[in-house]
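*Asks:* what follows is a predicted protein model with its sequence.
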Amino acid sequence: MAINSSAAEPQQARDSGMMRSFLLRGIVLALVIAAFMRFGNVNIGAIGQGLGYALAGVTVFITFRVLGFVDLTVDGAFPIGGAVCAVLIFGGVRAEIAILAAFVAGSLTGLATALIDIVFKIEGLLASIIVITGAYTVTLHIMGGKSNVPLLGKETMISRHSKDFRNWLVEQFGDQMRRQSTNLLEIMIFGLLVIVILVILYWFLRTEVGLAIRATGKNDQMVRATGLNHHLMIIIGLMVANGLAALAGSMVVQQFGFADVSLGFGLIIRGLAAVIIGEVLLRPRTIGQMLIAAAGGMLVFDISRAWIFSALDLPTTDIQLVSALVVLAALGAPRLFDQWRSYRQRQN
Amino acid sequence: MLRLENVSVTFNAGTPNEVKALQNLSLFVEDGEFITVIGSNGAGKSTLFNVISGAVQADSGRIELDGKDISYSPEFRRSHDIGRVFQDPRLGTCPGLTIRENLSLAAIHGRNVGLRRDVKKAEEAWFFERLQHQHLGLEHRLDADVALLSGGQRQAITLVMATLTKPKLLLLDEHTAALDPNAAEQVVALTTELAEADDLCVVMITHSMQQACELGDRVIMMNRGRIEFEISGEERKNLKPADLIDRFHSLQDGTELSDAQLLS
Ligand SMILES: Nc1ncnc2c1ncn2[C@@H]1O[C@H](COP(=O)(O)OP(=O)(O)O)[C@@H](O)[C@H]1O
Ligand SMILES: [Mg+2]
C-alpha cells in the first residue's frame, strides 16, 4: 500500500544514539579548544567573556531558528539590559534584581519589534532596525544622558565574591593563581547562571506555549488552523528572546565594570555566527542540544577571536574587524564547503 | 450548520488586476451534510473556503456557523469549529516536530495554551487509537519527525488533526490532488470514515468527477465566483461522472465564449 509506513523504528535506540554522538562531539570540541588555549596562549578570560555573551547566541537561535523571524533587535536589547542593570547596581540595588529588571527591559524591546511587525505589517528586518535606532536614545536616557556608567567599587555578582575567592585560591594553590582569580570566578558564576537559564528555557520550549512557538516558526498556517493566535506566539517568542539578550547585557556589564551605549554593536552578527558554529561543530538534533550548541557556539567564537588577537598581537581597536572576519569565516566556510562538494559530485 | 448570504470577495479592487473571486454567493449547508464542490481553476473554490475559515475577509455579506455570526471573527478563533485540509500536504502539519507533537498541538484546540507539558502521557492512548484506525502503522511512529513522512502519510495525519477535537465543519480543498492514486484512495476512504464516525458536516473541493459523484449528498459547481448549478436528491444519486463532465464542458465553452467577447 502506498502510504503504509515501514515497520516501527526503534525510536528509543536512535534517541540515545543521537545523544551519545552529541556528547562525544561536545567532549572532542572541548578538548580541542583546551589544547588551542594552552598552546595558542589564550587567556581563560575568553571563556568568561564567551559565557557572558552566550545567551545572546541563544537569542538569535530563538528568533532566527525557532521563530523563523529575521530579528536584529538583539543589538538594541543588549545595551538596554546593560544600562538598566548598571544604573540599578549604581543605585545600590542587588545584582540579582538588576538582572531580572534587565530581562524585563529586553522583553519590552522585543515586544516593540513584534508589535511593529504585527500592527504595521513591517517585516522583522525593518521593524527591528527601527527599534534598534530608537533603542539607542532609550539606552542613553536610562543612563541619565551619559554614554557610559562605571561600576567601580559597586557590588556586582562578580565583585561581591572576588576578594574571598582570591584569598581562598591563593591559600589553596599558591600565589601564581592570584592573576587568574577574577577570570575563574567569572567562569564559575556565569557558567552556573547560563546553565540555570538554559534549563529553564528547555523547560519552557517544551510547554504548550513553547510547542506553539516552535510550530509558528515552521508553519504558522497550521498554528492558526489549530485555533491558536500565531501573533501571540511571535510576541511571546520575541519577548523571551530579547529578554535573554538584555540578560546577557547585564552580565557583560558586570564583567566589564561599566555600561556603554555602544555595547551591542554588531552583536546580531556574532549571535548568528554562534548559532552556525554550534550547528556545524555539534550537529544538534533535539531542542535541548540546539540550545547548548547556540550557547557553545558563542564560546567558540570568543575563544577563536581571542586566539587571533594573541597570535597576531593586534590592538583592541581592531576588534570589530576581527569579529567581522571570524563571522565571515563561520558563515562562509560551510557554504564554500557545500559548493566544493556539489562541484565534486558533478565531476564524478 | 453553515450559512453564507450574499458573500462577495474582490482582490486588488480598483486596479487593472481586479479579480471578483466571489460574487454575491449564498450557500446553506445542513447538519451532517457532505457536499462536493467542483469548478475550473480560478472559479473561486479556494476563496470560498478562505472566506469561511477567515483567512480572507469578505467585502460584503454574512457568514453564520451553527447560528453564530462569524463574519468578523479572526481565523484562529474560527478554527475552533472548522477543520481544514489543503491540497499541499506540507501545509497541514509542522515539519521539524514529531507526529506526537503535531497531534498535541491539534489537541490544544479550543483550549487556552498554558505552561503545561507539551506532550502529555494521558493523550498517548487517544493518539494511538486515532492513528490505529488508519491502518497505516503510524501509531508506532509517534516520535518520528513529520518531515520524514510521505505526502499521503502527512495528509492522513492532517485529517486526524483536523478532526481530533470534533469540529462542526470540515473543509477539504483538493486534499487528494497531490497524492498518487493509491494514496489518494486511502485518504478518501479515511475521509468518509472520519466524516461518518463523528457525523461531521463536510465540504470537499475536488477536481475528480468520480469523487464528486461517489462522495456526499450534493454536488455544487462553481464558476467565476458563483454557484453555477447544484445537483442533489434523486438526480445526484443517479449521477455519473460522464453526465457531470458534459455539464461541466457546456459551461466551460460558455465562459470561453464570453472571455472572447470581452476581449474583442
Ligand atoms: N490572495 C489573492 N490575491 C489576489 N488574487 C487572488 C488571491 N487568491 C485568489 N485570487 C484570485 O481569485 C480567483 C479565484 O481563485 P481561487 O479561489 O484560488 O480559485 P480555485 O480554487 O477555484 O481554483 C483567481 O483568479 C485567483 O487568481
Ligand atoms: Mg484552489
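*Replies:* Happy to help now that I have it. Ligands and ions are numbered 1, 2, ... in the order given.
*Asks:* the helix or strand A:Val119 falls within packs against which elements?
*Replies:* Assigned by DSSP states H and E, A:Val119 belongs to helix A:95-120. Packed against helix A:95-120 by the contact rule (3 or more CB pairs under 8 Å, 6 or more residues apart in numbering or on different chains; DSSP states H and E) you find helix A:74-90, helix A:124-142, helix A:230-256. Every residue, glycine included, has its C-beta placed from N, CA and C.
*Asks:* does chain B sit close to the longest one?
*Replies:* Yes. With CB under 8 Å from any CB of the partner chain as the criterion, chain B is reached by helix A:230-256 at A:His230.
*Asks:* and that helix, how far out from the chain middle?
*Replies:* Centroid displacement of helix A:230-256 relative to its chain, using CA atoms, centre = their mean, to the nearest Å, is 9 Å.
*Asks:* with chain B as the reference, measure out to A:Leu184.
*Replies:* Going from A:Leu184 to chain B by CB to the nearest CB, to the nearest Å gives 36 Å.
*Asks:* assign a three-state SS to A:Val149, would you?
*Replies:* Of the three states, A:Val149 takes strand under DSSP: H, G, I helix; E, B strand; the rest coil.
*Asks:* contacts only, for it.
*Replies:* When contacts are counted by CB atoms under 8 Å, 6 or more residues apart in numbering or on different chains, A:Val149 touches A:Ala83, A:Ala86, A:Val87, A:Phe90, A:Met143, A:Phe258, A:Ala259.
*Asks:* pLDDT at the closest residue to the last one other than its chain neighbours, what is it?
*Replies:* Taking CB to CB, 6 or more residues apart in numbering or on different chains, and ignoring the residues beside it in sequence, A:Ala259 has A:Ala86 as its nearest neighbour in space, at 3.4 Å. Predicted confidence (pLDDT) for A:Ala86: 98.
*Asks:* number of nearby residues for A:Ala86?
*Replies:* Per other CB atoms under 10 Å in any protein chain shown, the neighbour tally for A:Ala86 reads 31.
*Asks:* over to the one 10 residues further on?
*Replies:* As a burial measure, the neighbour count of A:Glu96 was computed by other CB under 10 Å and equals 10.
*Asks:* now the residue nearest to it when sequence neighbours are not counted: phi and psi?
*Replies:* Nearest residue to A:Glu96, sequence neighbours excluded (CB to CB, 6+ apart): A:Met157, at 7.5 Å. Note on A:Met157: backbone dihedrals following degrees, to the nearest 10 are phi -60, psi -30.
*Asks:* which residues touch A:Met157?
*Replies:* Under the criterion of CB under 8 Å, 6+ apart, the neighbours of A:Met157 are A:Ala95, A:Glu96, A:Ile99, A:Ile189, A:Leu193, A:Met251, A:Gln254.
*Asks:* for the closest residue in space to the first one that isn't next to it in sequence, give me the pLDDT.
*Replies:* Across the structure, with CB to CB, 6+ apart as the measure, the residue nearest A:Ala95 apart from its sequence neighbours is A:Met157 (4.5 Å). Note on A:Met157: pLDDT of 94.
*Asks:* and for the one 3 residues further on?
*Replies:* If you check A:Arg160, the pLDDT there is 93.
*Asks:* that one against A:Ile89, yeah?
*Replies:* No. Using CB atoms under 8 Å, A:Arg160 is not in contact with A:Ile89; the gap is 10.5 Å.
*Asks:* intersection of neighbour lists for the two?
*Replies:* Here A:Arg160 and A:Ile89 have A:Ala95 as joint contacts, going by CB under 8 Å, 6+ apart.
*Asks:* those two: who's more crowded?
*Replies:* For A:Arg160 versus A:Ile89, the count of surrounding residues by other CB under 10 Å is larger for A:Ile89: 25 against 16.
*Asks:* residue of the stretch 1-150 of chain B closest to chain A, please.
*Replies:* Scanning the stretch 1-150 of chain B for proximity to chain A using CB to the nearest CB identifies B:His140 as nearest, at 3.3 Å.
*Asks:* distance of whatever residue of the stretch 1-150 of chain A ends up closest to ligand 1 relative to chain B?
*Replies:* Here the stretch 1-150 of chain A gets closest to ligand 1 at one residue, A:Lys121, 14.5 Å apart by CB to the nearest ligand atom. In this view, A:Lys121 and chain B are 15 Å apart by CB to the nearest CB.
*Asks:* what count of nearby residues applies to that residue?
*Replies:* Using other CB under 10 Å, A:Lys121 has 8 other residues around it.
*Asks:* about what we covered before: mind listing what's buried along the helix holding A:Val119?
*Replies:* A:95, A:98-103, A:105-117 (16 or more other CB atoms under 10 Å in any protein chain shown).
*Asks:* need the mean per-residue confidence for it.
*Replies:* Across helix A:95-120, pLDDT averages out at 98.
*Asks:* any idea how far that helix is from the chain center?
*Replies:* 16 Å.
*Asks:* stretch B:66-82 now?
*Replies:* On CA atoms, centre = their mean, the centre of stretch B:66-82 falls 15 Å from that of its chain.
*Asks:* hmm, that stretch touching chain A?
*Replies:* Yes. Interface with chain A: stretch B:66-82 contributes B:Pro74, B:Glu75, B:Phe76, B:Arg77, B:Ser79, B:His80 (CB under 8 Å from any CB).
*Asks:* didn't B:Leu48 look like it was pressed against B:Val29?
*Replies:* No. B:Leu48 lies out of contact with B:Val29 (CB under 8 Å); the separation is 11.5 Å.
*Asks:* mind checking which of those two has more residues around it?
*Replies:* Taking other CB under 10 Å, B:Leu48 and B:Val29 do not tie; B:Leu48 has more neighbours (28 against 20).
*Asks:* mind telling me what element the more buried one is part of?
*Replies:* Using DSSP H and E, the element containing B:Leu48 is helix B:45-53.
*Asks:* among the residues of stretch B:66-82 next to chain A, who's most crowded?
*Replies:* The residue in the residues of stretch B:66-82 next to chain A with the most neighbours, by other CB under 10 Å, is B:Ser79 (23 neighbours).
*Asks:* and that one, backbone torsions?
*Replies:* Per degrees, to the nearest 10, the backbone of B:Ser79 is at phi -60, psi -20.
*Asks:* how about A:Leu29?
*Replies:* phi -60, psi -40.
*Asks:* same check, this time on B:Leu65
*Replies:* Backbone torsions for B:Leu65, taken as degrees, to the nearest 10, come to phi -130, psi 120.
*Asks:* just give the closest residue to the closest residue to ligand 1 within chain A, not the sequence neighbours.
*Replies:* Closest residue of chain A to ligand 1, CB to the nearest ligand atom: A:Gln221 (13.4 Å). Distance criterion CB to CB, 6+ apart; nearest residue to A:Gln221, sequence neighbours excluded, is B:Leu91 at 5.6 Å.
*Asks:* for the one you found, the count of nearby residues, please.
*Replies:* Residues lying near B:Leu91 (other CB under 10 Å) number 19.
*Asks:* and for the one 10 residues further on?
*Replies:* Using other CB under 10 Å, the number of residues around B:Glu101 comes to 22.
*Asks:* which ones are touching it?
*Replies:* B:Glu101 touches A:Leu211, A:Arg214, A:Ala215, B:Cys94, B:Asp118, B:Val119, counting by CB under 8 Å, 6+ apart.
*Asks:* pick the one among those residues closest to A:Trp307.
*Replies:* Nearest to A:Trp307 among the contacts of B:Glu101 is A:Arg214, at 35.1 Å by CB to CB.
*Asks:* one step back: buried ones among the contacts of A:Val149?
*Replies:* A:Ala83, A:Ala86, A:Val87, A:Phe90, A:Met143, A:Ala259.
*Asks:* what's the spacing between A:Ile236 and A:Leu336?
*Replies:* Distance of A:Ile236 to A:Leu336, given as CB to CB, to the nearest Å: 37 Å.
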